[in-house]
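Colleague: Next comes the sequence, and after it the predicted model I'd like to discuss.
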Amino acid sequence: MADNGIECSVVMEKTSFDPRAAFPDFKLVFANKGEKAVRLFDDFYPLKERGPNMIIKIWSQGNGKKGKRPTAWYLPSYQMERVANLMRFITLNPGEKHEVPVKDVYLLLTYLQPLASGKIYELEVRFRDGYGDPGTRREYVGKKDFIVIDQTPR
């Protein structure tokens, strides 16, 4: 949870899937667990023709430890020049949630090695907000474990 009371989590459509299947879509969920209203910079999809403005990494979880390098990742490859009157914000009152669907993830990810059947992985999503609270830069991180299982009929 961030110092402003916002908790970031990842909700996956499926937490187990075949290694040959497309990586499942998921939602990034921001929940205000604090006692006052919080403003988030609505910069999840600043350009319609580009991917989301967030970092996505998949880590191998061998022997309960995270690998040294990610198995797959997505980094936004564009820069945005911010124009004050075009910036949008989301206000989350205490107890409110905001969901950001992340679709077609399989088109975004660059795999450094294929996902292996029977292994446990961690999906990590980072969103950087440098405008929601003037003068404060925050990074929200959501994580979710999943398993890859070969579902070929025997």
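Modeller: Yep, that arrived.

Colleague: does Asp129 belong to a helix or a strand, and which?
Modeller: Asp129 belongs to strand 120-133 when assigned by DSSP states H and E.

Colleague: Only the buried residues of the helix or strand just after that strand, if you could.
Modeller: Once the chain leaves strand 120-133, the next helix or strand it forms, by DSSP H and E, is strand 136-148. For strand 136-148, burial by neighbour count (16 or more other Cβ atoms under 10 Å) applies to 138, 140, 142, 146, 148. For the C-beta atoms, the positions are set from N, CA and C on the backbone; glycine is no exception.

Colleague: What strands flank the strand holding Asp129, and is each parallel or antiparallel?
Modeller: strand 55-62 (antiparallel), strand 136-148 (antiparallel) (DSSP bridges).

Colleague: For it, buried residues please.
Modeller: By 16+ other Cβ under 10 Å, the buried positions in strand 120-133 come out as 121-127, 129, 131-133.

Colleague: Show the model's pLDDT score for the residue nearest to Asn32 when sequence neighbours are not counted.
Modeller: Nearest non-adjacent residue to Asn32, counting by Cβ to Cβ, 6 or more residues apart in numbering: Leu92, 4.0 Å away. With respect to pLDDT, Leu92 scores 94.

Colleague: Bridged to Leu92, which residues?
Modeller: Val38.

Colleague: My understanding was that it contacts Phe30; is that so?
Modeller: Yes: if you go by Cβ atoms under 8 Å, Leu92 and Phe30 touch, sitting 6.6 Å apart.

Colleague: Check the offset of the worst-scoring helix or strand of the chain on mean pLDDT from the chain's centre.
Modeller: Every helix and strand of the chain was ranked by mean pLDDT, DSSP states H and E. The lowest is strand 65-66, at a mean of 76. Mean-position distance between strand 65-66 and its chain equals 19 Å (Cα atoms, centre = their mean, to the nearest Å).
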